[in-house]
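> coordinates only, sequence not included:
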């Protein structure tokens, strides 16, 4: 008997019959076609696969799909390009190759949720597990600070009906 | 193609203006391009364009709204190359920047030789892009003047309009109205002067503009090779043999895998191109199944002969061949080094070594291979299609013209995606399966199949006369050579004619210091060469060669009782061969001296605490034919108990000519400095039993956000020819740190990376 796993993906109810130990990243990318979430190391050490599960930043390469049953999963696509971090990323010209940036942004979003005004050290501590091989670290830091400022002014995470802030 | 051809090609690229230029209305667009090298003079521009008799390097179109599409035959891997090239063009074309877009083109024989590497793109493209823009502007001016009924001399082009007094017409309207068909001969084109650097209004320092490729890299829409899917494809994961070369598969037992739902069997790959040996690919209907199947498919091998090679074996061989003067070939031979040795009252010797290091680009290697309508279609991000495509065609046993490589964003290149060897197993698997295949390397597969920066060995001898004056430098340097492994045709002869030289394992030894006697002997380390495929890793040979050189120059300065900065300045006199050449190295070593003087002034007031020091280095980019002049300084603290080196701050003063994309140049320098730091203090992947020992980020630990130092980067305002900046920032960091450690606590570190344990050992020695 095939057990269906059901969860909310970017605000939409989805079902998968993937085997229970399938890492979530492949279900998101290959089954549901959301390619914004990347695959990097497969052992939760680089962070390019970071998504939100019930509002927490999680490495989807090492998260078995069975555990998302009944949960809310949000990917970079759920931010619709209008999250303050995304505009800050453009303003600060953060990405070089860009491959890690979905993960960086998803990781940073949970920092701002809990700490709207992070210090440099807060940022480094929260982001240290997210690897950027182009080493755009100083710009990532600047962009998070820029977004933090704009969050206070323009962005109410609780107003969003979707995403990690739902 | 030889290295001479390669440098000739570089020159030809700069001098593409020796070709004709054509502009022709095609359908509703205006199409503009350089002619192919031999454009038949009987062809009109329209005919030549219809026949695609144009150069791939510069090719753009303007539509009736004045929108300009610039085709880019370069890989985008984080350097925002398309933006920089389009901006050079737009500056001369006088079009509106917000109407410019870029398209990255796939391989096609008509594009000729495609390579993105060596930090060459801006350097090669600057003049042709400028000239193309200037010629396009002239075409639009002439057509616009006619439509306005004014003499051309009364008209000017500005921001997408041709203007004459109060009358004006937009570029878009000119395209709509003008039946344009114009060929400029090479001579006519040459007479269209391009603006000097200080008249540029879209490029150069002070021009802040955003890269066109960035927005899709913030919302998940940028498409990388790993994101490609084609109909009816299977997923594949490779099983790597026990050695890079020479292993043979003797038996495969997949009985345990058969029960996995979605498992589609395995293929033993036979490679007519010789790129891979002893590979097996596992197939599945989904990738997670392919991942799992690997553990259940048991492969037996006859292992290749390097199965027991360790890093120490490579270093032992490195030292042996550096010490044996009969080994290798001379790369530099100035003055008479044997006389310097004979007449020396004193000599100092030092051996510098670096560990093997990995690329670890974040997007693991991957390719989709599909045979469709008589051609192989490859989907992947690749830097050097010109080198890769023939190998892929050979593996497929088809002519080159039957292979098309479709280009995507690269999730990091750094040299790993130059030679696309990973395409070969993807293609062979697809061929064996008779079905399209997406082969994705899991991270350990990727790391094992990396083309790592070879471990290296550099032996230095400095000679001093009776008065203690430095008279000569003898330098022997050995490593695995990437160019020998992957593009041997690019290797020039040594100056003594004894053999070939890998320029990417030699450049940097031909420094810009004036020395009475100077010899550099380069030797291929065969133990490294046979064990793995040495790679071109960001800054390539310069990264390890100049680490040794600039550390040893400090040793020589101290021996000569001079300040390391002043000692360097005294040798950067720009005399003789160090005077530089037009256009790429005007001013020669004096420009390098200028950056160092500026840096000296800038750092003069730095207060150093206890166990803190400051160190300097000077570097000149990737090659003498394209020098980026950089002075680098590092401020470190050394914990004497733990041996930990803390890098507090890095300074760079850089003269790279006209800075085409200032923010992009800054981003490249920031990334390059941190790469330099990471290779100096963190990254090492020693060979153990034939492969790099560390297969994933659990053990391979590059610099992370917590380790980022303060960075102070200054570009010098210059109107000189622009040179590449993707790699040069890497080079000077390690020696500046090493020299700073010496300044702080008086120990000389001669191995990269500089680990706490090495510092402690040196302090206790």
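Cool, the structure landed. Nothing here was measured: the structure is a model prediction, and the numbers come from that model.
> and the residue in the stretch 1-150 of chain B positioned nearest to chain A, backbone torsions?
As assessed by C-beta to the nearest C-beta, chain A sits closest to residue B:78 within the stretch 1-150 of chain B, at 3.1 Å. Using the backbone N, CA and C atoms, a C-beta is placed for each residue, glycine as well. Main-chain dihedrals, residue B:78, degrees, to the nearest 10: phi 120, psi -10.
> please name the nearest non-neighbouring residue to it.
Nearest residue to residue B:78 in three dimensions, chain neighbours excluded: residue A:96, at 3.1 Å (C-beta to C-beta, 6 or more residues apart in numbering or on different chains).
> A helix includes the one you found, no?
No: judged by DSSP: H, G, I helix; E, B strand; the rest coil, residue A:96 forms no part of a helix; its state is coil.
> for it, grab the count of nearby residues.
Burial measure for residue A:96: 30 neighbouring residues, criterion other C-beta atoms under 10 Å in any protein chain shown.
> if we can go back for a sec, relative to residue B:326, how far out is the residue of the stretch 1-150 of chain B closest to chain A?
44 Å (C-beta to C-beta, to the nearest Å).
> who has more neighbours, those two?
residue B:78 (29 against 7).
> would you map the helices across the stretch 201-350 of chain B?
B:287-296, B:311-323, B:337-343 (DSSP state H, counting those that start in this stretch).
> now render those as a markdown table, adding distance to chain A.
Shown next, in a markdown table, are the helices of the stretch 201-350 of chain B (distance: least, C-beta to the nearest C-beta, whole Å):
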| stretch | distance to chain A |
| --- | --- |
| helix B:287-296 | 5 |
| helix B:311-323 | 23 |
| helix B:337-343 | 39 |
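> TSV please, covering those helices and showing mean pLDDT, distance to residue B:457 and mean neighbour count.
Shown next, in TSV, are the helices of the stretch 201-350 of chain B (pLDDT from 0 to 100; distance: least, C-beta to C-beta, whole Å; neighbours: other C-beta atoms under 10 Å in any protein chain shown):
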stretch	mean pLDDT	distance to residue B:457	mean neighbour count
helix B:287-296	97	36	20
helix B:311-323	98	3	20
helix B:337-343	98	19	17
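> for residue B:115, which of the ones you listed is the nearest?
helix B:311-323 (28.6 Å; C-beta to C-beta).
> tell me the pLDDT of residue 55.
Here I'm looking at chain A. Residue A:55 carries a pLDDT score of 96 in this model.
> that's the wrong chain, I meant chain B
61.
> so what's the gap between stretch A:35-51 and the chain middle?
Using C-alpha atoms, centre = their mean, to the nearest Å, the mean C-alpha position of stretch A:35-51 is found 9 Å from that of the whole chain.
> that one near chain B at all?
Yes: residues of stretch A:35-51 contacting chain B under C-beta under 8 Å from any C-beta of the partner chain: A:35, A:36, A:37, A:38, A:39, A:40, A:41, A:42, A:43, A:45, A:46, A:48.
> measure that stretch end to end?
12 Å (C-alpha to C-alpha, to the nearest Å).
> ok so, going back, from what I see, the residue of the stretch 1-150 of chain B closest to chain A and residue A:100 are in contact.
No: using C-beta atoms under 8 Å, residue B:78 is not in contact with residue A:100, being 10.5 Å away.
> identify the contacts common to those two.
Common contacts of residue B:78 and residue A:100 (C-beta atoms under 8 Å, 6 or more residues apart in numbering or on different chains): residue A:134.
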